Each structure stands twice: as C-alpha cells, then as structure tokens.
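Student: Fold the following and give me the result.
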Amino acid sequence: MSSCSIYKGGHLKALAVTSSRRSAVLPDVPTFSEAGVQGLEITGWQGVFAPADTPPGIIAKLNAALAKIQAMPEVRKEAEDAGFTAERGAPEEFATFIKAEYERWGKVIEQGKIHLD
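Tutor: Sure thing, here's the model as predicted:
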C-alpha cells in the first residue's frame, strides 16, 4: 500500500508537500511555502543515465523511447497510484538538474559534517 493510498484512505493527514508546487496526486495538500514554512523544498526524483561517451543519436533514441513509455496511460496511472508525478525534459536539462542537486546536497553534507562510517 502506498503512502498516497494511506492518505486518501483517511489513515493519515498530510500537512504539506515538500515540492515547490502542489502535487497533481494530492491537489488539496498545500506546499510548505503555502503553509507558512519558507525555504523547505525537497523532492525525490529518478532518472535514467547512460555512459558519458554515449553517442547523441543513441541518447535521442533512448529519450524518445522513454517518452513513449511514460505517456502510456497504464504507466502513468501506476506511477500516480504510487504517488509519483512524472516530469520529462531534454537530456541537457536533466544534466543541469543533476549538477545543481550535486552542488546543493554537497553543501548540506559539508556544512553538516556528514560522513559515512
């Protein structure tokens, strides 16, 4: 059972979502910003990676195939039922996003003196 179905079943009360905009899956739940807590934005994400030297034509084919799969109604429904909101972008946009995430969380790790034992 997903956390989304637990919420929708009335077993949990969602106070806010940590994304910058409301979730399509939980449209009645405000963002933390809307709830009065500024500066809290944390989202989980998944992506598909390929080796750095993969030819651009192969990347384009993979991206197109993934877009088709993600557009399938049964795939979208399963993702939504699990609480995911699927977003797509160009491979270059994803690379920029990854770099920003690396820098953001690198600072958190450094400032928090977080390390693996």
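
Student: which residues touch residue 114?
Tutor: Shown in contact with residue 114 (C-beta atoms under 8 Å, 6 or more residues apart in numbering): residue 108. C-beta: built from backbone N, CA, C; applies to glycine.

Student: sec struct for it, please.
Tutor: Judged by DSSP: H, G, I helix; E, B strand; the rest coil, the three-state class of residue 114 is coil.

Student: now it: how far from residue 93?
Tutor: Distance, residue 114 to residue 93, by C-beta to C-beta, to the nearest Å: 28 Å.

Student: Please name the nearest non-neighbouring residue to residue 76.
Tutor: Take residue 76 and drop its neighbours on the chain: the residue closest to it by C-beta to C-beta, 6 or more residues apart in numbering is residue 86, 6.5 Å away.

Student: residue closest to the middle of the protein?
Tutor: residue 45 (3.0 Å; C-alpha atoms, centre = their mean).

Student: need the helices for the protein, in chain order.
Tutor: Applying DSSP state H to the chain gives helices spanning 3-8, 56-71, 73-81, 91-111.

Student: just to revisit the earlier point, pretty sure the residue nearest to residue 76 is in contact with residue 70, am I right?
Tutor: Yes - using C-beta atoms under 8 Å, residue 86 is in contact with residue 70, at 5.5 Å.

Student: mind listing what residue 37 touches?
Tutor: Residue 37 makes contacts with residue 16, as judged by C-beta under 8 Å, 6+ apart.
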